[in-house]
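Asks: no sequence on hand, only this structure:
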């Protein structure tokens, strides 16, 4: 399963690493890859993880989630 999060507030490699680390710390997230140019995070899941849980992890890291697909 995959989900894509649209994330605002990321501008550098540190931002990218912080969002990826936050997402990868969630049980059920196999991988997370941030694309700064598209302001998105592609998340690969091993089991169902709610969009709210993913959004909260990114928000707690200091970034704004605009949309989860």
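Replies: Done, it's in. No experiment lies behind these values; they were computed from the predicted model shown.
Asks: for the nearest residue to residue 64 once chain neighbours are set aside, give me its contacts.
Replies: Nearest residue to residue 64, sequence neighbours excluded (CB to CB, 6 or more residues apart in numbering): residue 8, at 4.3 Å. For glycine as for every other residue, the C-beta is placed from the backbone atoms N, C-alpha and C. With contact taken as CB atoms under 8 Å, 6 or more residues apart in numbering, residue 8 is in contact with 39, 63-66.
Asks: try residue 64
Replies: By CB under 8 Å, 6+ apart, the residues touching residue 64 are 7-9, 58.
Asks: residue 30 contacts residue 46, correct?
Replies: Yes - the criterion here is CB atoms under 8 Å, and residue 30 meets it with residue 46 at 4.8 Å.
Asks: now stretch 40-50: buried residues?
Replies: By neighbour count, with 16 or more other CB atoms under 10 Å as the criterion, the buried positions of stretch 40-50 are 40-41, 43, 45, 49.
Asks: what ranges do the strands span in the chain?
Replies: Using DSSP state E, the strands of the chain run over residues 2-8, 29-35, 40-45, 64-68.
Asks: how much distance is there from the last one to the middle of the chain?
Replies: This means strand 64-68. With CA atoms, centre = their mean, to the nearest Å as the basis, strand 64-68 stands 9 Å off its chain's centre.
Asks: okay, the angle between it and strand 2-8?
Replies: 140 degrees (axes from the mean of the first three to the mean of the last three CA atoms, to 10 degrees).
Asks: cool, thanks, talk later.
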